[in-house]
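Asker: need a structure here:
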Amino acid sequence: MKIIKYTAIFFFAVFIGGVVFIYSGIYPMGADVPHNKLTYWLLETLREQSISRAAKDIVPPSNLSDPDRLLAGGADYNDMCASCHLKPGKVQSDFSMGLYPKPPNLSNKNDEHGHSHELSEAETASRQFWIIKHGIKASGMPAWGPGHDDERIWSMVAFLQRLPDLSAEQYQIITAREQSEK
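Answerer: Residues are numbered from 1 along each chain as shown. Next comes the predicted model:
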């Protein structure tokens with residue numbers, strides 16, 4: 001009986017300590033102050049596990065390599081994504097410099113946030129679709145789903161699949177071609 005009592009007291013004390021911590025305002029929330037390692041690990045693990053679970057049943061369409069999808073997705077990426085996720089040949093932008101956590105450079109195969117090296121192409125596509133459609137809380141990544149249908153989002157995914165292999169010149173041609181047709 002004493003174990004239950006002491007366990008309850010312990011958890012109550014932890015709860016009260018948590019409430020005091022939250023209301024104290026001492027945790028720095030500015031985007032220019034990084035999280036401590038434990039907080040960063042907790043948030044990154046929560047994000048990755050949540051996205052993996054949510055995207056596991058999404059099946060990419062078979063026509064992701066269709067050139068029309070690539071062109072349509074390229075124009076959207078250039079308009080909506082490049083200021084944060086960058087273009088080939090760029091390592092930062094005025095906008096991306098001020099974001100925390102730092103958004104992945106999707107034009108760079110070696111970006112540590114991409115995680116695509118651990119996943120199949122279909123798994124990567126499913127995750128990209130889910131992230132574009134639903135966004136990621138408290139990261140600056142908006143949910144594009146409310147204003148974009150699934151076909152348009154899959155076109156962006158099709159472009160993302162090819163983006164790391166594009167040179168700056170190829171990127172300019174692909175994204176400019178669709179924009180000139182509008």
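Asker: any low-confidence regions in this structure?
Answerer: 111-117, 177-182 (pLDDT under 70).
Asker: ok, longest helix in it?
Answerer: helix 2-24 (DSSP state H).
Asker: who's in contact with that helix?
Answerer: Tyr27 (CB atoms under 8 Å, 6 or more residues apart in numbering). For every residue, glycine as well, the C-beta is placed using N, CA and C.
Asker: try it again with 10 Å
Answerer: 26-27 (CB atoms under 10 Å, 6 or more residues apart in numbering).
Asker: also stretch 69-78?
Answerer: 61, 63-64, 66, 81-82, 85, 87, 106-107, 132, 144, 148, 151-163, 166, 170-182.
Asker: please state the backbone phi and psi of the closest residue to Asn63 other than its chain neighbours?
Answerer: Distances taken as CB to CB, 6 or more residues apart in numbering place Arg69 nearest to Asn63, at 6.6 Å, with adjacent residues excluded. Dihedral angles of Arg69 (phi, psi; degrees, to the nearest 10) stand at phi -60, psi -40.
Asker: Arg69: neighbouring residues, count only.
Answerer: 22 (other CB atoms under 10 Å).
Asker: for Ile136, give me phi and psi.
Answerer: Dihedral angles (degrees, to the nearest 10) for Ile136: phi -130, psi 120.
Asker: how far away is the residue lying closest to it once chain neighbours are set aside from Lys37?
Answerer: Distance criterion CB to CB, 6+ apart; nearest residue to Ile136, sequence neighbours excluded, is Arg47 at 6.3 Å. Arg47 is 16 Å from Lys37, where distance means CB to CB, to the nearest Å.
Asker: do Asp57 as well
Answerer: With CB to CB as the criterion, Asp57 and Lys37 are 33 Å apart.
Asker: now swap in Ser126 and tell me
Answerer: 30 Å.
Asker: more crowded one of those two?
Answerer: More neighbours surround Ser126 than the other of Ser126 and Lys37, with 22 against 8 (other CB under 10 Å).
Asker: name the residues of the one helix or strand the more buried one maps to that are buried.
Answerer: Assigned by DSSP states H and E, Ser126 belongs to helix 121-134. Of the residues in helix 121-134, 123-134 count as buried by neighbour count, 16 or more other CB atoms under 10 Å.
Asker: where along this protein do the helices fall?
Answerer: Along the chain, counting by DSSP H, helices occupy 2-24, 37-55, 67-80, 82-85, 94-97, 121-134, 150-162, 168-180.
Asker: I'd like those helices written out as a markdown table, with distance to Gly30 added.
Answerer: Converted to a markdown table, the helices of the chain look like this (distance: least, CB to CB, whole Å):
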| stretch | distance to Gly30 |
| --- | --- |
| helix 2-24 | 16 |
| helix 37-55 | 14 |
| helix 67-80 | 26 |
| helix 82-85 | 18 |
| helix 94-97 | 14 |
| helix 121-134 | 25 |
| helix 150-162 | 30 |
| helix 168-180 | 33 |
